[in-house]
Each structure stands twice: as structure tokens, then as C-alpha cells.
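Peer 1: Fold the stuff below for me.
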Amino acid sequence: MGHEHGHDHTHGTNKKTLLLSFIIITGYMLVEAIGGFLTNSLALLSDAGHMLSDSISLGIAILAFKFGEKAANYSKTYGYKRFEILAAVLNGSTLILIAIYIFYEAFHRFQNPPEIASTGMLIIATIGLLINILVAWIMLRGGDIEENLNMRGAYLHVISDMLGSIGAIVAALLIMFFGWGWADSLASVIVASLVLRSGYYVMKSGIHVLMEGAPQNVDVDDVIKTIQDTNEIQSVHDLHVWTITSGLNALSCHAVVEGKMTIAESEKLLHKIEHNLEHKNIHHMTIQLETSSNNHKDTILCKMEGKPSAHSHHH
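Peer 2: Sure thing, here's the model as predicted:
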């Protein structure tokens with residue numbers, strides 16, 4: 001299928017982009033951590049901590065793509081593609097924990113601002129900013145940060161890092177020119193706020209997928225209308241739309257047809273519906289056709305008239 005080929009090509013590009021980003025981020029994370037200790041800067045250390053989470057998240061993301069390549073079997077009928085979503089949730093929770101730790105450290109430093117080697121801090125933060133800009137550019141150019149939740153999580157890590165480096169640069173300048181030691185702690189709090197926000201949204205999106213929520217890039221009402229507007233279809237019920245992994249949305253439903261159809265007619269009708277739904281971001285679909293005589297309100301099937309009804313909860 002053309003979609004599968006495109007999905008595999010994007011998958012390979014994402015993996016190469018992540019690997020290159022992982023090497024660059026991990027290398028500079030070590031430099032920034034050592035620099036933070038030597039200059040006694042919490043802003044640098046928090047940025048290094050964030051870069052460590054970047055490094056871990058990129059490593060997990062690479063493993064997720066690797067696991068996602070494993071073939072489906074009778075035990076895992078969808079394969080290991082959902083591992084990618086688990087990685088995104090882990091990334092989000094890691095960001096939240098790091099943010100909480102930075103808030104804790106900053107609170108103590110506000111009370112007793114330490115001496116900070118501001119010149120060294122400025123140099124290291126500036127190089128860190130350039131490194132983050134480079135990695136963000138690599139991801140924008142070679143990765144699918146719009147559709148792929150795993151890539152988007154890694155990209156948000158890097159963007160938050162970039163803002164963290166800017167905060168550290170501003171703090172270093174304030175310490176150099178005005179002697180404001182508290183600026184380092186303030187910069188780290190700003191970094192922590194950005195980290196917390198990124199972590200929350202990545203985790204929320206990942207949990208939404210794990211809870212089988214409707215994909216954000218699918219208009220369910222439009223999907224129902226598309227199926228019901230097909231000439232031979234009378235109504236649709238027991239409809240479910242969910243995400244298997246980033247860029248792979250699935251649908252299952254029961255569609256009521258006007259009368260009995262031959263196998264050839266059924267296949268032609270299903271092919272028409274599938275073709276129309278491919279343009280609605282639905283990539284994998286299972287549609288059961290049934291006649292109106294088999295569709296009773298008191299059956300265990302969930303009745304659906306455009307929107308989910310109370311029956312759907314009992315089903």
C-alpha cells in the first residue's frame with residue numbers, strides 16, 4: 001500500500017534524525033553538567049538536567065522505533081507499534097519530575113544565593129543555545145514533528161532546552177553587570193515552568209492515545225457523515241476511532257445497507273468507503289455491513305445516530 005510505504009520512509013527518516021540528535025545532545029550535556037558544577041550555576045545545572053532528560057528521551061525514542069519495527073504476531077496482533085506511545089508518556093513524566101526538582105533547588109537558592117562564575121556560565125550557556133538550535137533545525141528538517149507523537153515529544157524537549165539556555169545567558173549577564181545573584185535561581189524557575197508545560201502536554205497526548213481516545217487529526221462527525229453519505233448506506237452504529245501509533249489511525253463500525261447485497265457488491269461498496277475515509281486520516285478500517293432487518297434497537301450492538309448514545313456505554 002502507498003500509505004505503508006510512506007509511513008516506513010518517514011519512520012526511517014525519524015530514526016536517523018533522532019540518532020544524530022542523540023549523539024549531539026548527549027555530548028554537550030556532559031559539557032554543560034561539568035560547567036554547571038565548576039561555575040556553581042543552578043541555571044546551567046538545570047539545563048544540563050533537562051539535556052540529560054533529552055538524551056534519555058531520545059534514546060528511548062530510538063528504541064521505540066526499533067521495537068515498532070518488530071513484526072506482528074498472534075500475541076501482539078498490532079506488533080510493537082504502541083511502544084512508541086509508551087515512550088512518549090515516559091518522556092512527559094520525566095520532564096515533570098525534573099521540573100519539580102528544579103523548583104525545589106531554586107527555592108533554597110533564593111534564600112541563600114551562592115557565588116557564581118558568571119563569565120564561564122555565559123560561555124557555556126551560549127554554546128548550549130547554539131547546540132540546541134542546531135538539533136532543533138535537524139529535527140525540523142528531517143523529522144515528522146507534526147504527526148509523530150514520539151518525535152514531537154523529543155522536539156519539545158529540545159525547544160524547552162533552547163529557552164533554558166536563553167534564560168541562563170540572561171541570568172549570567174545580569175550577574176555580570178548588576179551582581180544580581182538571584183537571577184540564576186529565577187532563570188532556573190523559568191526553565192522549570194517551560195519543562196513542566198512541555199511534560200504535561202506530551203504526557204496528556206500519550207495518555208489520550210493509550211485510553212483509545214479519538215485521534216486529534218480526525219473529525220469523527222465528518223467521518224460518520226462520509227460513511228452515511230454513501231448511497232447504499234442507511235445508518236452507522238457501533239463506531240470506534242482510535243490511534244494505534246503516531247500516523248496510524250484505525251476505525252471499526254457497523255454500517256446498515258438497504259437490502260441484501262452480493263459479495264461483489266459488498267466489496268465494491270467497502271472499497272468506495274475505504275477510499276473516501278483515506279482522505280479523512282483513517283488508515284486501517286474494519287466495516288461490518290448488515291441489513292436493516294438484522295439491526296434491532298434491542299440487540300447488544302451499540303445504536304449510533306451521528307453521535308454516541310447511552311447504548312454505547314453498555315456495549
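Peer 1: mind listing what's buried in the strand or helix carrying residue 201?
Peer 2: Here residue 201, judged by DSSP states H and E, is contained in helix 182-210. For helix 182-210, burial by neighbour count (16 or more other Cβ atoms under 10 Å) applies to 183-192, 194-196, 198-199, 202-203, 205-206, 208-209. (C-beta placed from N, C-alpha, C; glycine too.)
Peer 1: for the very next helix or strand once past that helix, which positions count as buried?
Peer 2: Using DSSP H and E, the helix or strand that follows helix 182-210 in sequence is helix 220-228. By 16+ other Cβ under 10 Å, the buried positions in helix 220-228 come out as 220, 223-224, 226-227.
Peer 1: Which elements pack onto the helix holding residue 201?
Peer 2: helix 42-68, helix 83-111, helix 149-178, strand 233-245 (3 or more Cβ pairs under 8 Å, 6 or more residues apart in numbering; DSSP states H and E).
Peer 1: next one: that helix to chain centre, how far?
Peer 2: Averaging C-alpha positions (Cα atoms, centre = their mean, to the nearest Å) puts helix 182-210 14 Å from its chain's average.
Peer 1: Stretch 85-101 now?
Peer 2: 12 Å.
Peer 1: And stretch 207-217, by the same measure?
Peer 2: That offset, for stretch 207-217, works out to 11 Å (Cα atoms, centre = their mean).
Peer 1: Could you tell me the end-to-end distance of it?
Peer 2: 16 Å (Cα to Cα, to the nearest Å).
Peer 1: what comes into contact with it?
Peer 2: With Cβ atoms under 8 Å, 6 or more residues apart in numbering as the contact definition, stretch 207-217 has outside contacts at 82, 85-86, 89, 147, 149, 205, 220, 240-243, 245, 249, 281.
Peer 1: Show the buried residues in the residues you listed.
Peer 2: 82, 85-86, 89, 149, 205, 220, 240-243, 245, 249, 281.
Peer 1: the domain parsing of the chain - what is it?
Peer 2: 11-211, 220-291 (the TED database).
Peer 1: Need those domains in JSON lines (columns: mean pLDDT).
Peer 2: Converted to JSON lines, the domains of the chain look like this (pLDDT from 0 to 100):
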{"stretch": "domain 11-211", "mean pLDDT": "82"}
{"stretch": "domain 220-291", "mean pLDDT": "86"}
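Peer 1: Sweet, I'm off.
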